[in-house]
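Engineer: build me a model:
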Amino acid sequence: MAQLQNGHSKKQLDIAIVGGGLVGSLEALYMAKRGHRVHIFEYREDIRKTPLARGRSINLALSVRGRTALRDVGLEEQMIQNHGIPMRARMIHRLDGSTYAIPYDARTNQCIYSVGRNYLNGLLLQESEKYENVERHFNHKLVDANLRKGSMKFETPGKENIDVTADLIIGADGAFSAVRKCMMKQPLFDYSQKYIEHGYLELCIPADESGGFQMPPNYLHIWPRGNFMMIALPNQDCSWTVTLFMPFTNFKTIDSEEKLLGFFEKYFPDSIPLIGKEKLIEDFFGGSPSPLVAVKCRPYHVEDRALIIGDAAHAVVPFYGQGMNAGFEDCTLLDKLFQKHHDSLAEILEEFSLTRWEDTHAISDLAMYNYVEMRDLVTRPSYRLRKAMDDFLFWLAPNFWVPLYNSVTFSTMPYSQCVKNREWQDKMLTYFIISAMSSALLGYFVMSR
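Structural biologist: Next comes the predicted model:
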């Protein structure tokens, strides 16, 4: 039996983190910096030794919330300077192949960064090796847990089961969390999941013959087509990860090479020479569309012994680029609570559950809405007019008027407050428009007399 004993000092806790992905590895660094003993249990092999699974990457868009967390553990500069590719605007591709840019932040030119999932995960794990109080256990699958007692059972590579106990169990094991599954047995635990009717399939635009980018690199490229869309994010090797989001019913209709090429010639003609016909066929039929799920639940903790964070607590669809950033923000907020409550787990976990759920539900809803915006609304004059108004008011009064996207992506304003701020702005604009129209009509009647 392996047991993590609470030994050396009164405040040193034994933390068992289930999930060695991005959020789990980051949380391990936060806890290690606080002096606690940390054990990471990951059911997969060490990601640094295995290739990225085909069709499952969905490039990561690093923004302010994620950067804040990386700064706390001393990794922000390394990610930004050595790896991240800045994306300053959306580059919209029309049907005729022409393009136009919609800046993310026309006032101060802030940007989001395209980063590689494997690289960032490997960097976080590598950083954890600098701490003697962090141990990593790969190929350990959680098969059972008594969260109230802080005990778990893991299946090891030799198919042997080991028992582990800890002062605190942190489930950071993704959208299909084994820790959350155990938590669902608790009374008064609310849980819901929603699969959208659209799936995604990854393609690739390779580097050109000279090893450079085939498209302008400092953009998130979007091909909006109403009910579906395609996006492309730049990679560090000058290739592009291309993701086609579309209803599963549409995917099913494309069952031959002729139909595939006909579909792309109709909707994404400018992408064909970039991808290449042979590679397009190979990548499309070499994989299958994957589902997208959103998870909402609460509370996030069990007494003073267990907590879920990241996708385990609030998986979101990827259309706002906030999944990783929200998970990293969990770690930042949790660290502040450890500081506030002096490592008192009962107070920390309860406050996290009470204060975090409203914000994570808000970003889940925003991500659902942003899919409609990206695939359809960005092409409409009304969207571009509203964007211009937001940008102008933001330029005129930056402390008074912050557009929704800017507040979500370039600030740490709570997500729920971002939504409330947008609702207030909508009311203000409606009032101004009605007032302007009333004044114009009044003026017309006065002049006509």
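
Engineer: what's the neighbour count on residue 399?
Structural biologist: Burial of residue 399, expressed as a neighbour count using other Cβ atoms under 10 Å, amounts to 6. C-beta: built from backbone N, CA, C; applies to glycine.

Engineer: so who does residue 158 touch?
Structural biologist: For residue 158, the set of contacting residues under the criterion of Cβ atoms under 8 Å, 6 or more residues apart in numbering is empty.

Engineer: next one, pLDDT for it please.
Structural biologist: What the model reports as pLDDT for residue 158 is 80.

Engineer: how about the secondary structure of it?
Structural biologist: For residue 158, the secondary-structure state derived from DSSP: H, G, I helix; E, B strand; the rest coil is coil.

Engineer: quick check: it vs residue 40, distance?
Structural biologist: Applying Cβ to Cβ, to the nearest Å, one obtains 19 Å for the distance of residue 158 from residue 40.

Engineer: out of the helices and strands in the chain, which is least certain?
Structural biologist: In the chain, no helix or strand scores lower on mean pLDDT, DSSP states H and E than helix 415-448, which sits at a mean of 78.

Engineer: and the strands in the stretch 151-300 of the chain?
Structural biologist: Counting by DSSP state E, counting those that start in this stretch, the stretch 151-300 of the chain has these strands, from start to end: 151-155, 161-165, 168-171, 190-195, 198-205, 219-224, 229-234, 240-247, 293-298.

Engineer: which elements pack onto the second one?
Structural biologist: Read it as strand 161-165. Using 3 or more Cβ pairs under 8 Å, 6 or more residues apart in numbering; DSSP states H and E as the contact criterion, the secondary-structure elements in contact with strand 161-165 are strand 151-155.

Engineer: what residue spans form the domains of the chain?
Structural biologist: 14-59+116-194+294-370, 198-286, 380-448 (automatic domain parsing).

Engineer: which among those is found nearest to residue 98?
Structural biologist: With Cβ to Cβ as the measure, domain 198-286 is the member of the domains of the chain nearest residue 98 (8.7 Å).

Engineer: end to end, how far does that closest one reach?
Structural biologist: With Cα to Cα, to the nearest Å applied, domain 198-286 spans 19 Å between its terminal residues.

Engineer: what is the rounded mean pLDDT of that domain?
Structural biologist: The average pLDDT for domain 198-286 rounds to 96.

Engineer: residue 215 reaches residue 239, doesn't it?
Structural biologist: No - taking Cβ atoms under 8 Å as the definition, residue 215 is not a contact partner of residue 239, at 10.7 Å.

Engineer: so what sits against both of those two?
Structural biologist: With contacts defined as Cβ under 8 Å, 6+ apart, the residues shared by residue 215 and residue 239 are residue 205.

Engineer: where does the stretch 301-449 of the chain dip in pLDDT?
Structural biologist: For the stretch 301-449 of the chain, applying pLDDT under 70 flags the ranges 436-449.

Engineer: please repeat the previous calculation with a cut-off of 80.
Structural biologist: Within the stretch 301-449 of the chain, the segments meeting pLDDT under 80 span 374, 376-378, 431-449.

Engineer: could you report the neighbour count for the residue lying closest to residue 64 once chain neighbours are set aside?
Structural biologist: With Cβ to Cβ, 6 or more residues apart in numbering as the criterion, residue 64 has its nearest non-adjacent residue at 5.2 Å, and that residue is residue 410. Around residue 410 sit 20 other residues, with neighbours defined as other Cβ under 10 Å.

Engineer: how about residue 429?
Structural biologist: Using other Cβ under 10 Å, residue 429 has 14 other residues around it.

Engineer: wait, isn't it in contact with residue 392?
Structural biologist: No - contact criterion Cβ under 8 Å: residue 429 and residue 392 do not qualify, at 11.8 Å.

Engineer: so what's residue 302 closest to, chain neighbours aside?
Structural biologist: Of all residues beyond its chain neighbours, the one nearest residue 302 is residue 147 (4.3 Å), with distances taken as Cβ to Cβ, 6+ apart.

Engineer: for that neighbour, the count of nearby residues, please.
Structural biologist: Counted with other Cβ under 10 Å, the neighbours of residue 147 add up to 21.

Engineer: contacting residues for it?
Structural biologist: For residue 147, the set of contacting residues under the criterion of Cβ under 8 Å, 6+ apart consists of 169, 179, 182, 183, 186, 302, 303, 305, 306.

Engineer: ok, the closest residue to the second one other than its chain neighbours to residue 397 distance?
Structural biologist: Once flanking residues are discounted, residue 179 sits nearest to residue 171: 2.7 Å by Cβ to Cβ, 6+ apart. When distance is defined by Cβ to Cβ, residue 171 is 43 Å away from residue 397.

Engineer: ok, those two, which is more surrounded?
Structural biologist: residue 171 (29 against 10).

Engineer: how about that one, what does it touch?
Structural biologist: Residues counted as contacts of residue 171 (Cβ under 8 Å, 6+ apart) are 18-19, 177-180, 183, 306-309, 312-313.

Engineer: need the phi and psi values for the nearest residue to residue 353 once chain neighbours are set aside.
Structural biologist: The spatially closest residue to residue 353, leaving aside those adjacent along the chain, is residue 299, at 3.9 Å (Cβ to Cβ, 6+ apart). Dihedral angles of residue 299 (phi, psi; degrees, to the nearest 10) stand at phi -70, psi 170.

Engineer: for residue 299, the count of nearby residues, please.
Structural biologist: Residue 299 has 20 neighbours, counted by other Cβ under 10 Å.

Engineer: so who does it touch?
Structural biologist: Counted by Cβ under 8 Å, 6+ apart, residue 299 has contacts 188, 189, 353, 354, 357.

Engineer: report pLDDT for it.
Structural biologist: Value listed for residue 299 in the pLDDT field: 97.

Engineer: so how far is residue 31 from it?
Structural biologist: Using Cβ to Cβ, one obtains 21 Å as the distance from residue 299 to residue 31.
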